[in-house]
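Chemist: Task: produce atomic coordinates for the following.
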Amino acid sequence: MIFDMETLEAQNRYKILTATVTPRPIAWITTLSASGVINAAPFSFFNVMGHEPPTVAIGLLAGSGRFKDTAANILDTGEFVVNLVAERNAEAMNITCIDAPPDIDELALAGLTAAASDAVRPPRIAESPVSFECRVLTSLVTGPRQTAVIGRIVRAHVDDAVILDKERCHIDTQALHLIARMHGSGWYARSTDLFQIDRPTWAAWQEKKVKAEPA
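Modeler: Next up, the predicted model:
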């Protein structure tokens, strides 16, 4: 089946993308409005883009004709915090999806704790095991109702309980128990069913080829 993504209605394009590009990491973003109101909301059109400098990319979508308060704050202030979502935070994260008015603090609504950031004005979520303080590097309007934002990570907060070696920056990733977004409404995935494959090298590949050739 071939889908013409240039002629499909937006809703159907969304269905195809969210049903196939999975699992998607969740950016549980906290921002601060110009008037000082904290906003929080999860975004799954998100990923890390590189490490020199450390950057993240977020796709901001305008639902019902306007950007969410969190997205508007990012574009207005140029600062945000990406908090990652552990399974224990799933219910609270889901509450912050609510379509609350702009003057409502979603963290308070979900019973979460706003912790002071080190280098940006928006707070981080104390209950999150990992938080990245970010400043906007650039934004690109990719459509009438969507904008892609590239943010530079200026501080990374990681729960002490999952640090294996501070000097070598080794983290117990499995102990984070992060969840990811799946298809449809309300579907998520745990990061528990894992497998490992060693990356091949050209030298080993050539050696294997030589050994396989008849003498």
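Chemist: any idea how far Met1 is from the residue most central in space within the chain?
Modeler: Centroid-nearest residue in the chain, with CA atoms, centre = their mean: Ala27, separated by 2.7 Å. Per CB to CB, to the nearest Å, Ala27 is found 31 Å from Met1. In short, each C-beta sits where N, CA and C put it, glycine included.
Chemist: same question, Pro123
Modeler: 46 Å.
Chemist: which SS class is Glu167?
Modeler: Look at Glu167: counting by DSSP: H, G, I helix; E, B strand; the rest coil, its state is coil.
Chemist: who does the residue nearest to the centre of the chain bridge with?
Modeler: When bridges are assigned using DSSP bridges, the partners listed for Ala27 are Phe43.
Chemist: picking that back up, for Pro123 and Met1, indicate the residue with more neighbours.
Modeler: Using other CB atoms under 10 Å, the more surrounded residue of Pro123 and Met1 is Pro123, with 22 against 2.
Chemist: mind listing what the nearest residue to that one once chain neighbours are set aside touches?
Modeler: Distances taken as CB to CB, 6 or more residues apart in numbering place Ala114 nearest to Pro123, at 3.9 Å, with adjacent residues excluded. With contacts defined as CB atoms under 8 Å, 6 or more residues apart in numbering, the neighbours of Ala114 are 30, 38, 107, 123-126.
Chemist: ok, and what's touching the worst-scoring helix or strand of the chain on mean pLDDT?
Modeler: Every helix and strand in the chain was compared by mean pLDDT, DSSP states H and E; the lowest is strand 66-67, with a mean of 74. Contact partners of strand 66-67, identified using CB under 8 Å, 6+ apart, comprise 60-61, 72, 75, 147.
Chemist: With neighbour count and pLDDT as new columns, can the residues you listed be given to me in CSV?
Modeler: Shown next, in CSV, are the contacts of strand 66-67 (neighbours: other CB atoms under 10 Å; pLDDT from 0 to 100):
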residue, neighbour count, pLDDT
Leu60, 22, 92
Leu61, 15, 87
Ala72, 18, 90
Leu75, 15, 93
Thr147, 18, 93
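Chemist: where in this structure is pLDDT low?
Modeler: Using pLDDT under 70 as the threshold, the predicted model of the chain has low-confidence ranges 64-65, 215.
Chemist: In it, what residue spans correspond to helices?
Modeler: Counting by DSSP state H, residue ranges of the helices within the chain are 10-20, 69-77, 90-95, 106-109, 202-212.
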